[in-house]
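S.K.: Based on what follows, work out the 3D shape:
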Amino acid sequence: IRETIRGEPDAKRPGVAMTLPLTEIMAAAYRLLPPEMSSPEATQLILAIGWQESRFDHRWQLHGPARGFWQFEGRGGVLGVLEHQQTKALALKTLEALRYPTGSPPYIYQRIIEDNDILAACFARLLLWTVPEPLPAVTDVWEGWRQYQVAWRPGKPRLETWPAAWAMAPQLLMGEVTHA
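M.R.: Here you go, the predicted structure:
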């Protein structure tokens, strides 16, 4: 699968592939997950979080350990997805489908997520699956903020940028914006 996500080299990081369009990333991720995980509400929240975390422009957290567009930490979101009773089996099935070994330490998957946007999107959806409440409506920016806080537990939350991230999600999906 790694060959299918490789493209022309990224000018910002020589040797690193460009990302697929977000529509293709999300479609591929949803094909790897149970059908009930695919919804407009899930996509809205996943894309808003990705924009909030990285603007889909940074695969390495600036001055921090997080990786990938959704800024996963090995002992944070990655470990959470791998150990949560609602997501563990699904995470392992996803890793197997992408032909990655299972049973590795979380930091290994964190490094994979850095360059595999499809796996990162799967883990983002799985992390949201751990939130017990229903996903927010695509119009409910503040419930989206609350669920982002619950699932990601950001160290330095930026409430002031969340409304713009929420508004950006539909534009990202339509391909109107590709990065910051």
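S.K.: For this structure, just list every one of the helices.
M.R.: According to DSSP state H, the chain carries its helices in the segments 2-5, 22-32, 40-54, 79-83, 88-97, 106-115, 117-129, 141-152, 162-173.
S.K.: Kindly reformat those as TSV containing mean neighbour count.
M.R.: Glycine gets a C-beta too; all of them are placed from N, C-alpha and C. Below are the helices of the chain laid out as TSV (neighbours: other Cβ atoms under 10 Å):
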stretch	mean neighbour count
helix 2-5	12
helix 22-32	19
helix 40-54	23
helix 79-83	20
helix 88-97	16
helix 106-115	20
helix 117-129	26
helix 141-152	18
helix 162-173	18
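S.K.: what about the ones you listed, which gets the closest to Glu73?
M.R.: In terms of Cβ to Cβ, the element of those nearest to Glu73 is helix 106-115, at 6.8 Å.
S.K.: So what touches that closest one?
M.R.: By Cβ atoms under 8 Å, 6 or more residues apart in numbering, the residues outside helix 106-115 that reach it are 5, 16-17, 59-60, 67-68, 70, 72-75, 78-79, 82, 95, 100, 119-120, 123.
S.K.: now Thr87: how far from Glu96?
M.R.: 14 Å (Cβ to Cβ, to the nearest Å).
S.K.: er, Trp166 actually
M.R.: Taking Cβ to Cβ as the measure, Trp166 and Glu96 are separated by 34 Å.
S.K.: now do Ile108
M.R.: 14 Å.
S.K.: what do you get for Lys88?
M.R.: 13 Å.
S.K.: and if you look at Arg31?
M.R.: Separation of Arg31 from Glu96 (Cβ to Cβ): 14 Å.
S.K.: just Asp115 next, same as before
M.R.: 19 Å.
S.K.: What ranges in this structure fall below the confidence cut-off?
M.R.: In the predicted model, the chain carries pLDDT under 70 at residues 1-19, 176-180.
S.K.: repeat that for 80
M.R.: Within the chain, the stretches with pLDDT under 80 are 1-20, 175-180.
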